[in-house]
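A.B. asks: sharing a model prediction with you, sequence too.
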Amino acid sequence: MAVKLRLMRMGKKKQPTYRVVAADVRSPRDGRFIEIIGRYDPRQDPSLIEIDNDKALAWLKNGAQPTDTVRRLLEKSGAWSAFKVAKGQIHTVGSDQ
């Protein structure tokens, strides 16, 4: 089963809010999902981004592919850089004193 991290539209007409969800690739945009990872409200100033980084990191490690928009949200929340560090693509230098 292929899993994507994507946005699920919520809210009234002309007033969107989104949930960041892990869903099967074949399910519709606002259809079934596996787990809610966070939420995104673009209408607030500044935009509200609440993402559970532990859940997102677990899904990314298990092979879930984020959409472009969700990847940008994960970069802002810090989950994407944590995933890259865990994968070994970014090397960190710590001060060991």
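C.D. replies: Received it, and whenever you're ready, just let me know what you need.
A.B. asks: pLDDT weak spots in the chain?
C.D. replies: Along the chain, segments meeting pLDDT under 70 span 90-97.
A.B. asks: rerun at 90
C.D. replies: Counting by pLDDT under 90, the low-confidence segments of the chain come to 1-2, 25, 27-33, 45, 78-97.
A.B. asks: for the one helix or strand residue 81 maps to, which outside residues touch it?
C.D. replies: Using DSSP states H and E, residue 81 maps to helix 79-87. Around helix 79-87, the neighbours that count as contacts under CB atoms under 8 Å, 6 or more residues apart in numbering are 51, 53, 56, 57, 60, 61, 71, 74, 75, 90, 92. C-beta coordinates here come from the backbone N, C-alpha and C atoms, glycine included.
A.B. asks: again, only this time at 7 Å
C.D. replies: Helix 79-87 is contacted from outside by 51, 53, 56, 57, 60, 61, 71, 74, 90, 92, using CB atoms under 7 Å, 6 or more residues apart in numbering.
A.B. asks: now it, how far from the centre of its chain.
C.D. replies: Helix 79-87 has its C-alpha centroid displaced from the chain centroid by 13 Å (CA atoms, centre = their mean, to the nearest Å).
A.B. asks: next: stretch 56-65.
C.D. replies: Using CA atoms, centre = their mean, the mean C-alpha position of stretch 56-65 is found 9 Å from that of the whole chain.
A.B. asks: please apply the same query to stretch 18-31.
C.D. replies: Here the centre of stretch 18-31 is set off from its chain's centre by 12 Å, with CA atoms, centre = their mean.
A.B. asks: restrict that stretch to CA atoms and write it as CSV.
C.D. replies: Listed next in CSV are the C-alpha coordinates belonging to stretch 18-31 (Å, rounded to 0.1, in the frame of the first residue of the first chain):
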residue,chain,number,x,y,z
TYR,A,18,-6.6,21.8,5.9
ARG,A,19,-5.7,18.7,7.8
VAL,A,20,-2.3,17.1,7.1
VAL,A,21,-3.0,13.4,6.8
ALA,A,22,-1.4,10.2,5.9
ALA,A,23,-3.6,8.6,3.2
ASP,A,24,-3.6,5.8,0.7
VAL,A,25,-2.6,7.1,-2.8
ARG,A,26,-5.8,5.7,-4.3
SER,A,27,-8.3,7.4,-1.9
PRO,A,28,-9.9,10.7,-2.9
ARG,A,29,-8.6,14.0,-1.6
ASP,A,30,-11.3,14.4,1.1
GLY,A,31,-11.9,10.7,1.5
